[in-house]
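> quick one: sequence plus predicted model below, questions after.
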Amino acid sequence: MSTTAANATPPAPIPRQIPYIIGNEGCERFSFYGMRNILTVFLVTSLLAYLPQAERGAAAKDVFHTFVIGVYFFPLLGGWLADRFWGKYNTIFWLSLVYCVGQGCLALFVDSKAGFYTGLFLIALGSGGIKPCVSAFVGDQFDQTNKDRAKVVFDAFYWIINFGSFFASLLMPIFLKQLGPAIAFGVPGALMFISTVILWAGRRKYVMVPPTPPDPHSFLRVSWTALKSGLAGQVLAGLGGALAVASFGFFALKIWPPYGFVIAACVALVAVIAFGGIGVALQLEGARGAHPDEAVEGVRGVLRVLVLFALVTPFWSLFDQKASTWVLQADAMTKPGWFQSSQMQALNPLLVMLLIPCNNLLIYPALRRFGWEPTALRRITAGLVFAAASWVVVGTMQVVLDGGHVYSIVWQVLPYALLTMGEVLVSATGLEFAYSQAPQSMKGALMSFWLLSVTVGNLWVLVVNAAVKNNAVTDAIKATGFGVTAFQMYFFAAFALVAAVIFGGYARRYRMVDHYRKA
C-alpha cells in the first residue's frame, strides 16, 4: 500500500438529516408535478369548456404560464422571510401548510373557476415560497469539512425531484381520465401533507442557520448608497422606474389589449431590477467608505451572478412549454387509445434519473481524461445549446403536422431527450452554482433570484403568445410560409441559441467564489 493511499483522508459522511429533506422533497415534487402535468389537459377539457374549442388551447397556455410565473415569483417573498425573520425551516414548514390548503382547493373546486384559481394562487404562494429555502436548507447542512459531498447530495436532491415527477406524470393523467379531477387533484394534496409530516419529523436533527438580523451593510443598503453617489446611476434607476410605471400604464389604458396585468407586473419588475442593477454597477465605488470593502465586493459579486441568471431565462421559456405547447402538439399525433398526451412528460424525469448518473460516472470523467473540465458554467452553456436543438426538432415536427402528415407520438422522444439533457446541465448545475456563489447573509435571496429567472422565462412565453394575437404579427408570420406555432418554436430555439453564445462569452471571464460556511 502506498503512503499516499494510507494517509488519504476518507470522504466525509453525508449528514444524517439529509434523508428527511430528500424524502420531503420527493413527496412535494410528486404533489406539484402531479397537479401541474394534468393542469393544461384539465383546463382544455373541463374548466375552460365554456370557450370555443379553437380558443381553449391558447387560454390554457396563458393560465398555465401565469401560474408558473407565480410559482417562481414568490421565492422572492420566501427568501426574504427566511433570511430576515423566520429562518429556512420555519418558512418551509408554515408555507407548506398553505400549500396543502391550496391542493385541497383544487380537489374541492373542480367545477368552480374562483375556487380552483384560488387553489392555484395558494399553491403558487406555498410552492414558490419554499423553493429558495429548501435548496438553501440542503446547503446549510454542509460546511468546509464536508462541502465536497454537497455535489453528491444536490444531484440526489435533483434525482428525487424527478423520481417524484416521473410517477406523478405517469399516473395522474390516468387518474384524471379514469377517476375524475377531484381524485386526480386530491392525490397530490395527500402527498403534500405527507411531505410536510416528513419535514416535521426531522426537526431535531437539522442544522438551523438563524435568520440574519438587520444589516446596515446589506445588499439593498449598499446598492442605495451607490445610487445616491452619482447622477448617472440615479438616472438609470429612474428610467427603470419610469418603464415600470409605463408597463402598468399599457395595461390600465388597454393600449395593447393582450397586455395583461401579469405581463405588466413582470415587465415592471424586470425593468426595475435591470436598470437599477446597471446603475448600481456603474457607481458601486461610491459606496466605499460608507460600507466595508467586503460588503461592496459582495454586491459586485451578486450583480455579476445576476447577469448569468438573466441569460438563463430563455432556457425556462423552452423548458416549461413541454407541459403546454408540447402537450397540445402531442394531441395532434397518433397514439394508443390508452395513452394520454400528457403522459409523455413522464419521459423527462425518467431521462433525468438516467442522465445524472451517466454524466457523473461516464461522460464527465471521459471529458476530464481528454483535458476538458466540465465546470458549472460550461455545463450551463452546453445545456442552453441542447435546449435550442430540441426546439429546432420540435419545430420541424410541427411543420410536418401543419402539412397534413400525421405521425406517431413516439417521435417526441427525440426532442424530450435533447431538452432533458439541457435541463440536467442547466437546472441541476444552477442549484449548486447559486448556493456556492451567495454570501451567507443572503443565500435565500440569491436562490430566489435564480428561481426568478424561471418567472422571466415564462414571461417571454406570455409576451410571445400575446404578440401572435395581433393581426399584423400573424400576417407577417404567414408571409414566411410557416404556421404560427411552428414559427414560435423556431423563434424560441433561436432565442436560446443567442443566449448560449452570450452566456458562454461572459462565463469565460467570470471568477468563481466559495461561500460555503466555515466548519
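Arrived safely, thanks for sending. Numbers count the residues shown, from 1 in each chain.
> Met208: what's it in contact with?
Contact analysis of Met208 by C-beta atoms under 8 Å, 6 or more residues apart in numbering lists Gly87, Lys88, Tyr89, Asp140. Where C-beta positions appear, they are placed from N, C-alpha and C, glycine not excepted.
> what does Ser165 give?
Here Ser165 is in contact with Arg29, Phe30, Tyr33, Asn37, Ala346, Asn348, Pro349 (C-beta under 8 Å, 6+ apart).
> Gly260: which of those is nearest?
Of all the contacts of Ser165, Gly260 sits closest to Asn37, with 24.3 Å by C-beta to C-beta.
> that closest one and Ala323 touch, don't they?
Yes - counting by C-beta atoms under 8 Å, Asn37 touches Ala323, with 5.9 Å between them.
> shared neighbours of those two, anything?
With C-beta under 8 Å, 6+ apart, Asn37 and Ala323 have common neighbours Ser342, Gln345.
> show me which of those two is the more surrounded one.
Asn37 (28 against 23; other C-beta atoms under 10 Å).
> wait, doesn't Tyr89 sit right on Arg203?
Yes - at 6.9 Å, Tyr89 counts as touching Arg203 under the criterion of C-beta under 8 Å.
> which of those two has more neighbours?
Per other C-beta under 10 Å, whichever of Tyr89 and Arg203 has more neighbours is Tyr89, with 20 against 13.
> and the helix or strand containing that one, what does it pack onto?
Here Tyr89, judged by DSSP states H and E, is contained in helix 88-108. Judged by 3 or more C-beta pairs under 8 Å, 6 or more residues apart in numbering; DSSP states H and E, helix 88-108 is in contact with helix 18-42, helix 75-81, helix 113-140, helix 181-201.
> phi, psi for His291 please.
phi -140, psi 150 (degrees, to the nearest 10).
> I'd guessed it sits against Val222; true?
Yes - between His291 and Val222 there is a contact under C-beta under 8 Å: 5.0 Å.
> which of those two has more neighbours?
Taking neighbours as other C-beta under 10 Å, His291 and Val222 compare with Val222 leading, 26 against 18.
> quick check: the more buried one vs Gly289, distance?
12 Å (C-beta to C-beta, to the nearest Å).
> what's the answer for Gln343, then?
In terms of C-beta to C-beta, Gln343 sits 61 Å off from Gly289.
> check Tyr510 too.
27 Å.
> more neighbours, the two?
Tyr510 (16 against 11).
> the longest helix along the chain: which residues count as buried?
Longest among the helix segments of the chain by residue count, using DSSP state H, is helix 150-179. Applying a neighbour-count criterion of 16 or more other C-beta atoms under 10 Å, one finds 150-151, 153-177 buried in helix 150-179.
> same deal with stretch 47-56?
Neighbour counts over stretch 47-56 (16+ other C-beta under 10 Å) mark Leu47, Leu48, Arg56 as buried.
> before we move on, what about stretch 78-92?
Within stretch 78-92, judged by 16+ other C-beta under 10 Å, the buried ones are 78-84, 86-92.
> equivalent analysis for stretch 120-140, please.
Those buried within stretch 120-140 under the rule 16+ other C-beta under 10 Å are 120, 122-140.
> what's the model's confidence in stretch 99-111, averaged?
When pLDDT is averaged over stretch 99-111, the result is 95.
> for that stretch, list the C-alpha coordinates in CSV.
Provided in CSV are the C-alpha atoms of stretch 99-111 (Å, rounded to 0.1, in the frame of the first residue of the first chain):
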residue,chain,number,x,y,z
TYR,A,99,-49.5,24.7,0.0
CYS,A,100,-51.6,21.9,1.5
VAL,A,101,-54.7,24.1,1.6
GLY,A,102,-54.2,25.1,-2.0
GLN,A,103,-54.0,21.5,-3.1
GLY,A,104,-57.2,20.9,-1.2
CYS,A,105,-58.9,23.7,-3.0
LEU,A,106,-58.1,22.1,-6.4
ALA,A,107,-59.7,18.9,-5.4
LEU,A,108,-62.8,20.6,-3.9
PHE,A,109,-63.5,23.2,-6.6
VAL,A,110,-63.0,21.4,-9.9
ASP,A,111,-66.3,23.0,-11.1
